[in-house]
Structure formats: structure tokens, C-alpha cells
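S.K.: Here is a sequence together with a model predicted from it:
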Amino acid sequence: MTRERLQKFNADPYEFVDQLNISFRGNNLNIFQKYKRIQRIAGFGSVFFVLCWILFGFDSTPLQFVHVLTDGIPAWISGSASFQDLGAIYSQFYGKEMHYSAFVIYFLLFYLLSRSWERAGITKSKNLVFSFAGMFLGIAVFEWFWILGFATFQNQPWVATWRFPQMKILLQNMFFTVAGGVTVLYMLTERWHWKGSEQLGRSYFFRMKEWKPWLLIMLSIFAALLWIYYPWHVQQLTVTLENGGIWQSSRMFPQTLYTVDLNPADGVNAGVWFWIENDLIHFINTGVKTLFALTTYCIFRVRKPSVEELD
């Protein structure tokens, strides 16, 4: 990078990245100049996953198709599996891993954040960076709540322990948290027009003085407590561990999918899936996730200053 280009980058890294001419065989590869395309992909993606969610079941997951493709189809081609076996593989992974609902919620969160920044006049790379950071922070807040809740109330401390393979999940959530937190701090400064250390005016306003974010914060806390102190019927799960001990699920913070460490003494942070169908519990799970995402959106939502505020 030449000295002149380095000076331009230091002056405004977002503008520098936005103006980069990256092309291959006549195709513009600078995705920041095509931020609206990514915005539309997120919007259409949320609609697509809503349709999948409706079509394949309330507790369905993309992992069902993944295992059919990776495990079932090769066996079927070789003649060692039938169509019925493919159906059994598909059903075996119902309710396990990330649900279609998560894709709907976070694709929509990204879309709403991107549109909010766009209305405030923030586009291209800055729009994408802020939108991804907000989405990452929304994911991290829910995941930390679930990890700590499951470890505490279901007596599975391994999910919150910094050992592999679970450590990969914790590192991912830590990255999402740091990325979102640093972006928030940057935005709190970037919202002002500066001349050196002098504040000249506002680029945009957050909406935390409105009632909506505070209502959503209270609803999120209420929904999280409702899930922890779940008042309705819970089918408790009893599992025999490899050491002969017994683990039983708690009525507090109930799940449809329990990941149980069958051998806590081996030092391997991994569990075995046990799925119990309960659409009400899954609805509470999805509802908490949705409220956390909407709260994140309202906290990141901004507006342009009015004419009076500019004067």
C-alpha cells in the first residue's frame, strides 16, 4: 500500500474500502458497493426459511437434510439403504441442532438493522459492518443466556467450560460479543461530527429515549424468567451415565433437546442428544430468541437528526 493510499485509509477506512476497484473478468467483486444485494438476500432468506419452517415442522432443522445428503444418499447409491432408510435418517435428526426459526430470526434481524442504517444515510461497508455486528451481538446474548442457563439449571456444567470441543462454541460467542461491543463503542463516538476534539453536531441519534426498547427489554427479561421458572407440565428425562450414576433433567429451564455428558470424568466436553417433543417449550425458546433479537434491533436502531437539531 503506497503512502498516499495509506493516508486515505487512515483518514476514512470505510470510504477507502468502498472505493476499492476489485474486478474479475468484468465482474465487480467489491461486495460493499453491493450492500443492498446482501440486504435483499437477508430479506429473501428470512422468507425462504419461514416457508421451510412451515413446511417441514415447528421443531425442524436443516441438519435433517444435511445428514440425508451426507449419510443417506451415498448408502442408497451403493444399495445398502432404501428410501425408507432415508426417511428414518431424516426423522432421526428432527429437533436437533440449529432450527429453521433461528435462521428466520437472525436473517430478519440483519435486514432490519441494514435498513435502519440505510435510512440514516449509512451505506456500503459501514452499513454491513454495523448490521453484522448487531446480528452477532443478538446471537451472542441469547447463546450466553442459554449456555449459562443450561449449565446451571440442568446440571450440565461442561457446556460453560473452556475445554474442547465445546470451547469452539464459547470462542465463537466471545468473538460475537467482542465484535458487537466494540462496534457499539465505535458508534457512540461516530454518531458525532468531529473537528479534532471539538464536537460539531450529530450524525444520527439512537432511540433509547423512546419507550419501545425499554418495553422489549422488560418483555425479554420476563420471557427469560418464564422459561427458567416454567410453570407448565415438563416431561423429565432420566439418563444412566457410563459410571452407573443417574442424571435427571430439571423442571427449571426445560428443553426439547437435552445434550447430556454421559462420562463427565473423561474430560471431553461433549454430550449426547436426547430429544423430547414439546411444542410449548420450543415456542418459549423461540419467543425468547425473538424478543432478544428485537431488543437488539431497537437498541441499534437510529434516526437522522431533525432540521431543528442540526441548527
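M.R.: Right, received. Where do you want to start? Numbering: from 1, shown residues only.
S.K.: how about the top helix by length along the chain: buried residues?
M.R.: Across the chain, the helix with the greatest residue count (assigned by DSSP state H) is helix 124-153. Neighbour-count burial for helix 124-153, with 16 or more other C-beta atoms under 10 Å as criterion, is recorded at 124-147, 149-153. Where C-beta positions appear, they are placed from N, C-alpha and C, glycine not excepted.
S.K.: Worst mean pLDDT across the helices and strands of the protein, which element?
M.R.: Sorted by mean pLDDT, DSSP states H and E, the helices and strands of the chain end with helix 307-310, the least confident at a mean of 58.
S.K.: which intervals of the stretch 201-311 of the chain have sub-threshold pLDDT?
M.R.: Applying pLDDT under 70 to the stretch 201-311 of the chain flags residues 201, 306-311.
S.K.: in it, which spans are strands?
M.R.: Counting by DSSP state E, counting those that start in this stretch, the segments of the stretch 201-311 of the chain that form strands are 205-206, 238-240, 246-248, 257-260, 272-275, 302-303.
S.K.: which residues of the stretch 1-150 of the chain score low on pLDDT?
M.R.: Across the stretch 1-150 of the chain, the stretches falling below the confidence threshold (pLDDT under 70) are 1-12, 18, 23-26, 28-30.
S.K.: Show the subsequent helix or strand relative to the longest helix of the chain.
M.R.: helix 166-190 (DSSP states H and E).
S.K.: of all the strands of the stretch 201-311 of the chain, which lies closest to Q39?
M.R.: Distances from Q39 to each of the strands of the stretch 201-311 of the chain were compared using C-beta to C-beta; the minimum, 16.0 Å, belongs to strand 302-303.
S.K.: picking that back up, how distant is the longest helix of the chain from the center of its chain?
M.R.: Between the mean C-alpha point of helix 124-153 and the mean C-alpha point of its chain there is a distance of 5 Å (C-alpha atoms, centre = their mean, to the nearest Å).
S.K.: Perfect, I'm done here.
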